[in-house]
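Q: the following block contains a protein sequence and its predicted model.
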Amino acid sequence: MLTALLLALGTASAGPLVAQDATRVVRGDGRGGLAFRVTWFECEDPALPARITKFMFPIACDYDSQEIRSVTPLRKGCELVEDEHGNTTMVYPDPIVISPEAPLYLGTVSDVVLYSHATLKVKPLYVRSAKTPKAIAERYLADDAILTLEDPEIAGLAEELMAGAEDPLEIVLRTWRHVYRSVSYGRVERPNTAAQVLEWGKGQCGEYGKLTIALLRANGIPARGVWCLRAGNTGPAGNDHAWAEAWIGGIGWFPIRPQEAQPSNDEYPLGYHSYQVVCRPQCGMDELRQVEWENASCPTGYRGVGFFADVPEGKRKGTIALFEDIAEDSSSRAARRQFKRAGKAHRAVQPMLYWLLTASADEKVGTNAAEALVEICGQKHRRLSIERFVDASPSVIRARIEAARVQ
């Protein structure tokens, strides 16, 4: 009954009191360059066949804290699938063989602009609601085994948060405050449900977002997740982060960061500096992310690692072509040619080039690339961490880097 009331409020078109220019996005300075995402795989037992049996991973998403100009897979054979919600996913439909002679990586390089900050400014609203699009209501009000909207505790808390509220925005802000105050940060057993997070009062960013989405949907407010990956410039980084969004008539998608205190000035941050938003899932990530392999290890973890290089716009196209060449042609002759080209590449992208070439099946090229990487990371003005490269590397790269460090 209460959910139906909110749904009626959210989709009503008669007599809405909508403020003019209710929202405005303000962005800081843009930082253009190339953002890399690399996931390494290596064979565990050379006597057995190794392969990646399934690889589906989100790679790009429209978001106000960034501008994505292009996304290029580093290895051919994949399909880029864009859904109606703005998520682009990289899918390899066929198994990929991993040679015992050299590790293999999958990934992308994106020509992007990441903004130093982006804020949604919301004026005080006199809004009941504008009509919610049917497609949004159908997708982002749905229940599933993760959200557990029918759980008595979830439903009861949602009813408390709605009591006396005048509009959906007030419910959203109440929910934000409640989750922030009632959940403490900490590792929990995964996978889990929103009902379990509510019971535990504990979780990481994904749990905060999951509970927030469940409580909002239980009150008839469309909600979804946002997932981003680190793209720092000090070395490969595997960090990720997640938060939530709610659809509010008269505003659109409204950002909610339930791990953080709610702003008091009607200015709501969008995104995070040095992070690239890659998708806005319905809730959990399984719909967009599936990575499986046999007789192999994945030292970077299924999320892979990210790196950002401040490459001038005029040099990005040629740099992307070099990375494609390295991924597609691993012959000794090609590796020697690629190593020479890496030495002439823009300085910001050389660490990634040498890191990938360190895995070459040509031992001389791999050794020279490791030495070049160690030398670059040793230059203080570069602010690069060789440990970040080591931690994210397959065993052959680790061995070559360690050998280069003791010389």
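A: Good, I have the coordinates.

Q: okay, the residue nearest to Ser274 when sequence neighbours are not counted and Ile256: tell me how far apart.
A: What sits nearest to Ser274 in space, not counting adjacent residues and going by Cβ to Cβ, 6 or more residues apart in numbering, is Gly232, at 5.0 Å. No exception for glycine: its C-beta is placed from N, CA and C like everyone else's. Gly232 sits 25 Å away from Ile256, going by Cβ to Cβ, to the nearest Å.

Q: over to Ile154?
A: Distance, Ile154 to Ile256, using Cβ to Cβ: 17 Å.

Q: hang on, the earlier thing: which of Gly232 and Ile256 has more neighbours?
A: Using other Cβ atoms under 10 Å as the criterion, Gly232 and Ile256 rank with Ile256 on top: 26 against 17.

Q: assign a three-state SS to the nearest residue to the more buried one once chain neighbours are set aside, would you?
A: Using Cβ to Cβ, 6+ apart and skipping residues adjacent in sequence, the residue nearest Ile256 is Ala244, 4.5 Å away. On the three-state scheme (DSSP: H, G, I helix; E, B strand; the rest coil), Ala244 is labelled strand.

Q: tell me the contacts of Ala244?
A: Ala244 sits next to Tyr208, Gly209, Thr212, Ile213, Leu216, Ala223, Arg224, Gly225, Val226, Pro255, Ile256, Pro258 when contact means Cβ atoms under 8 Å, 6 or more residues apart in numbering.

Q: what about Ala261, how many neighbours?
A: Residues near Ala261, counting by other Cβ under 10 Å: 11.

Q: so who does it touch?
A: Tyr180.

Q: what pLDDT does it get?
A: Looking at Ala261, its pLDDT reads 95.

Q: for it, give its distance to Tyr268.
A: Taking Cβ to Cβ, one finds Ala261 at 12 Å from Tyr268.

Q: show me what contacts Leu357?
A: By Cβ under 8 Å, 6+ apart, the residues touching Leu357 are Ile326, Ala335, Gln338, Phe339, Ala342, Val365, Gly366, Ala369.

Q: from Glu363, how far off is it?
A: From Leu357 to Glu363 the distance is 12 Å (Cβ to Cβ).

Q: shared neighbours of these two, which are they?
A: Here Leu357 and Glu363 have no joint contacts, going by Cβ under 8 Å, 6+ apart.

Q: mind listing the helices for the stretch 51-200 of the chain?
A: Taking DSSP state H, counting those that start in this stretch as the criterion, the stretch 51-200 of the chain carries its helices at 134-140, 152-162, 168-182, 194-200.

Q: rebuild these as CSV, extending it with mean pLDDT and mean neighbour count.
A: Shown next, in CSV, are the helices of the stretch 51-200 of the chain (pLDDT from 0 to 100; neighbours: other Cβ atoms under 10 Å):
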stretch, mean pLDDT, mean neighbour count
helix 134-140, 92, 15
helix 152-162, 98, 17
helix 168-182, 96, 20
helix 194-200, 98, 21
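
Q: will you turn those helices into TSV that also has distance to Ala321?
A: Below are the helices of the stretch 51-200 of the chain laid out as TSV (distance: least, Cβ to Cβ, whole Å):
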stretch	distance to Ala321
helix 134-140	38
helix 152-162	51
helix 168-182	45
helix 194-200	46
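
Q: out of those, which is closest to Glu313?
A: Closest approach to Glu313 among these is made by helix 134-140 (35.3 Å; Cβ to Cβ).

Q: just the CA coordinates of the closest one, formatted as CSV?
A: Extracted C-alpha coordinates of helix 134-140, given in CSV (Å, rounded to 0.1, in the frame of the first residue of the first chain):
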residue,chain,number,x,y,z
LYS,A,134,8.3,3.7,-17.6
ALA,A,135,11.6,2.0,-18.6
ILE,A,136,13.3,3.4,-15.4
ALA,A,137,10.4,2.3,-13.2
GLU,A,138,10.4,-1.2,-14.6
ARG,A,139,14.1,-1.8,-14.3
TYR,A,140,15.0,0.1,-11.1
